[in-house]
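**Q** no FASTA, just this:
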């Protein structure tokens, strides 16, 4: 891939991060993580004028501009929409100071598009509900990136897919497998925590569950009853250090999502640590996992049990290499550089007319 | 009050109504009711260029501009913020077509103020939670109206108080009292439905409860156990016709709000029908009720019981007259005409500089 020219690296880019959590988040906060990785990645690749819009306590090597003290998920005295709308409108008020706004905060920023001249790129990190498409469909004359080929709405114009990139420095590659199954993520039916439990029981291998409880009812009914202090454990949310220690114990990661995966950071993180992933063949999983090379795609828990029996056929070095070549922050940032370059080309063409 | 000049009645006014319900609402929908009354009132007073922004099925003699099919409270397939943000941003996109935008839809429109040149008047129909003040305090260089002197935030600049006005045509004045107590409103702890029940039981008079159930838990625990088919009845929400029939049966309306009332439409409606109101002396109640003339202000249920005993001292004609002189749609619209005039004066001065 040819390197981005030096000239473009002087462009003034505003990265709009959510304000649900700090950027980068202390533990959970998927979109803030990506926004942080893009920001820091651009800075480390020599971009000179990067501004991160995030909460005040956010940490960045770029210029931080902030109006909201703390993430509304971390300080529940806030009404999320109050913080969200103030945060977004403040970015938009300063739109003229930038050559490009890179929106990582869902659909609300789009409603300010008619009032700004600066082009905006929106990474659609997920369609939380079909109804939010009304806003996207109302704004087709702007720029979109999908986070996997599978997570696209057919009615929208996309410039590219840019896979999320992960920070390898927090993920130690380990050649030697652990002796436990691991489930990691936000605990919710969508993520199929209960199916990992089923696989562990059927294969008779210990399971460690880690992550925030997103759906308390689901946890109480389908997860908690199976927990004990030995064969099936829940260890709560994990920070990067604890996650790294967790992967050391992992024989395989079980990722039996019940709805199409949009991207699946956990799969990339696991492979980076050398841990093969057994994933449901839904959504982006087949874009992230090389079936038979870095893990297995399955269609149900029984196939997953079978797949655990074949894990020793996977070369853990392949897992790591697959991530290094496709899912690092550097890969992602190079992807966005190409997209930014394309936007500037399109805008220049538009302005010539 | 001198009449507004003909010239001003050609000004182009956009009335921004909420899209929770149709404008006017079929039953419940307080802000939509006010927005409708302002709109229709201006039209009937000869304003030539009034545009109502509301749901598509709204009914108006002004020009209707709509982007949202149905109220999000009437069609639950919508995400409220999707409809809200689309609705508001569409108004703002067309701001240049108007001389004034009159916002009746809370704080989100304020975040678009930096992008429009048209002055905006915001009627603050209520501070749902203290945190929304962050948005108001961020926008002090705009115009505000309060709906009672008591419902003001000391940090905001207000042009005036304009009391809500009610449509008298749906409220028959009746000299002869009914023989029941009536409670009307949205069923919620804030509105003290349970205190009306306490008063009815202590005074041993029948009670009819009408209105939507806003807090189901509250209803189930503090209202429902007391219901029977005779002395304490719940008849559900009432449309204007049913409400008029309800007031016919009313000896008095019991309005023992537990938090400061912002304005209290129900009190004005009751008095318009000739029904005296016994109200908690909190918030705007003392601005709406003439104590001892059109009802009684009390501090608790026991005082309310006492007050029921003195209801025959109230001349029901006074109740009606008090509303005619202060709380009709015409009073309200004249109030807004004065405010609009003041805004145009201030804007002209600003533009001279």
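**A** In hand now; what should we look at? Treat the numbers as computed from the prediction; the structure is a model and nothing was measured.
**Q** contacts, neighbours, all on C-alpha from now
**A** Will do.
**Q** what residues does the stretch 101-250 of chain A have near chain B?
**A** Counting by C-alpha under 8 Å from any C-alpha of the partner chain, the positions of the stretch 101-250 of chain A adjacent to chain B are A:108, A:111, A:112, A:114, A:115, A:131, A:132, A:134, A:135.
**Q** which of the residues you listed count as buried?
**A** Burial by neighbour count, 16 or more other C-alpha atoms under 10 Å in any protein chain shown: within these this picks out A:108, A:111, A:112, A:115, A:132, A:135.
**Q** chain neighbours aside, what residue packs nearest to the first one?
**A** Put plainly, it is residue A:108. Using C-alpha to C-alpha, 6 or more residues apart in numbering or on different chains and skipping residues adjacent in sequence, the residue nearest residue A:108 is residue B:85, 7.1 Å away.
**Q** what's the span of stretch A:55-63 from first residue to last?
**A** Stretch A:55-63 has an end-to-end distance of 12 Å (C-alpha to C-alpha, to the nearest Å).
**Q** go on, stretch A:113-128?
**A** 21 Å.
**Q** what's the answer for stretch A:53-65, then?
**A** 5 Å.
**Q** thinking again about what came up before, next secondary structure after the helix or strand containing the residue nearest to residue A:108?
**A** Remark: residue B:85 resides in helix B:80-93, with elements defined by DSSP states H and E. The helix or strand immediately downstream of helix B:80-93 is strand B:100-103, counting by DSSP H and E.
**Q** next helix or strand past that following strand?
**A** According to DSSP H and E, the helix or strand after strand B:100-103 is strand B:120-124.
**Q** setting aside sequence neighbours, what's the nearest residue to residue A:119?
**A** residue A:100 (5.3 Å).
**Q** residues in contact with the one you found?
**A** Under the criterion of C-alpha atoms under 8 Å, 6 or more residues apart in numbering or on different chains, the neighbours of residue A:100 are A:11, A:12, A:13, A:14, A:118, A:119, A:120, A:121.
**Q** what's opposite it in the beta bridge?
**A** On the basis of DSSP bridges, residue A:100 is bridged to residue A:13.
**Q** widest-spaced pair of the residues of the stretch 101-250 of chain A next to chain B?
**A** Taking C-alpha to C-alpha, the two most distant members of these are A:115 and A:131; they sit 23.5 Å apart.
**Q** sorry, back to before: now do the residue nearest to residue A:119 against residue A:156, distance only.
**A** Residue A:100 sits 20 Å away from residue A:156, going by C-alpha to C-alpha.
**Q** quick one: low-confidence parts of the stretch 251-353 of chain A?
**A** Low-confidence segments of the stretch 251-353 of chain A, defined by pLDDT under 70, are absent.
**Q** ranges for the strands of it?
**A** Secondary structure of the stretch 251-353 of chain A (DSSP state E, counting those that start in this stretch): strands at A:277-280, A:295-298.
**Q** count the residues that sit near residue A:266.
**A** 16 (other C-alpha atoms under 10 Å in any protein chain shown).
**Q** isn't it up against residue A:184?
**A** Yes: judged on C-alpha atoms under 8 Å, residue A:266 makes contact with residue A:184 at a distance of 6.8 Å.
**Q** just give me the longest helix of chain A.
**A** Using DSSP state H to define each element, chain A has its longest helix at helix A:329-352.
**Q** reformat the strands of the stretch 251-353 of chain A as a markdown table; add distance to chain B.
**A** Below are these laid out as a markdown table (distance: least, C-alpha to the nearest C-alpha, whole Å):
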| stretch | distance to chain B |
| --- | --- |
| strand A:277-280 | 29 |
| strand A:295-298 | 33 |
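**Q** among the ones you listed, which is the most enclosed?
**A** strand A:277-280 (a mean of 29; mean count of other C-alpha atoms under 10 Å in any protein chain shown).
**Q** list the contacts of residue A:189.
**A** A:215, A:218, A:258.
**Q** which among those count as buried?
**A** Among the contacts of residue A:189, those buried by neighbour count (16+ other C-alpha under 10 Å) are A:218, A:258.
**Q** out of the contacts of residue A:189, who's nearest chain B?
**A** Taking C-alpha to the nearest C-alpha as the measure, chain B lies nearest residue A:215 of those, at 19.7 Å.
**Q** can you name the residue of the stretch 251-353 of chain A nearest chain B?
**A** Using C-alpha to the nearest C-alpha, the single residue of the stretch 251-353 of chain A nearest to chain B is residue A:259, 20.2 Å away.
**Q** now for the nearest residue to that residue once chain neighbours are set aside, how many residues are close by?
**A** Excluding the flanking residues, the one nearest residue A:259 by C-alpha to C-alpha, 6+ apart is residue A:190, at 5.6 Å. Around residue A:190 there are 14 other residues, counting by other C-alpha under 10 Å.
**Q** and the one 10 residues further on, by the same measure?
**A** As a burial measure, residue A:200 scores 24 neighbours (other C-alpha under 10 Å).
**Q** which helix or which strand is home to it?
**A** helix A:193-203.
**Q** who touches that helix?
**A** With C-alpha under 8 Å, 6+ apart as the test, helix A:193-203 has contacts from A:181, A:183, A:187, A:206-207, A:209, A:222-223, A:226, A:232, A:254-256, A:301-302, A:304-305, A:308.
**Q** so among these, which ones count as buried?
**A** Buried among those (16+ other C-alpha under 10 Å): A:181, A:183, A:187, A:206-207, A:209, A:222-223, A:226, A:232, A:254-256, A:301, A:304-305, A:308.
**Q** can you give me the helices in the stretch 201-350 of chain A?
**A** Assigned by DSSP state H, counting those that start in this stretch, the stretch 201-350 of chain A shows helices spanning A:216-218, A:240-248, A:265-272, A:285-288, A:301-308, A:316-326, A:329-352.
**Q** any idea which of those is most buried?
**A** Taking mean count of other C-alpha under 10 Å, helix A:265-272 is the most buried of the helices of the stretch 201-350 of chain A, at a mean of 25.
**Q** can you list the weak-confidence ranges in the stretch 1-150 of chain A?
**A** Those would be A:1-4, if you go by pLDDT under 70 across the stretch 1-150 of chain A.
**Q** any figure for the gap between residue A:47 and residue B:33?
**A** Counting by C-alpha to C-alpha, the separation of residue A:47 from residue B:33 is 54 Å.
**Q** more neighbours: which of the two?
**A** Neighbour count, other C-alpha under 10 Å: between residue A:47 and residue B:33, residue B:33 has more, with 24 against 21.
**Q** test my guess that residue A:170 contacts residue A:242.
**A** No: using C-alpha under 8 Å, residue A:170 is not in contact with residue A:242; the gap is 9.9 Å.
**Q** re the thing from before, from residue B:59, how far off is the residue nearest to residue A:108?
**A** From residue B:85 to residue B:59 the distance is 22 Å (C-alpha to C-alpha).
**Q** please look at residue A:27 and residue A:241 and confirm they touch.
**A** No: contact criterion C-alpha under 8 Å: residue A:27 and residue A:241 do not qualify, at 10.5 Å.
**Q** tell me how many other residues surround the closest residue to residue A:132 other than its chain neighbours.
**A** Spatial nearest neighbour of residue A:132, excluding adjacent residues (C-alpha to C-alpha, 6+ apart): residue B:82 at 6.1 Å. Burial of residue B:82 is recorded as 19 neighbouring residues (other C-alpha under 10 Å).
**Q** run through who's touching the longest helix of chain A.
**A** With C-alpha under 8 Å, 6+ apart as the contact definition, helix A:329-352 has outside contacts at A:4, A:8, A:37-38, A:41-42, A:119, A:143, A:159-160, A:162-167, A:325.
**Q** ok now it, how far from the chain's centre?
**A** Centroid separation for helix A:329-352 versus its chain: 21 Å, with C-alpha atoms, centre = their mean, to the nearest Å.
**Q** now do stretch A:25-32
**A** Using C-alpha atoms, centre = their mean, the offset of stretch A:25-32 from its chain centre is 9 Å.
**Q** stretch A:240-259 now?
**A** Remark: stretch A:240-259 is offset 15 Å from the chain centroid, using C-alpha atoms, centre = their mean.
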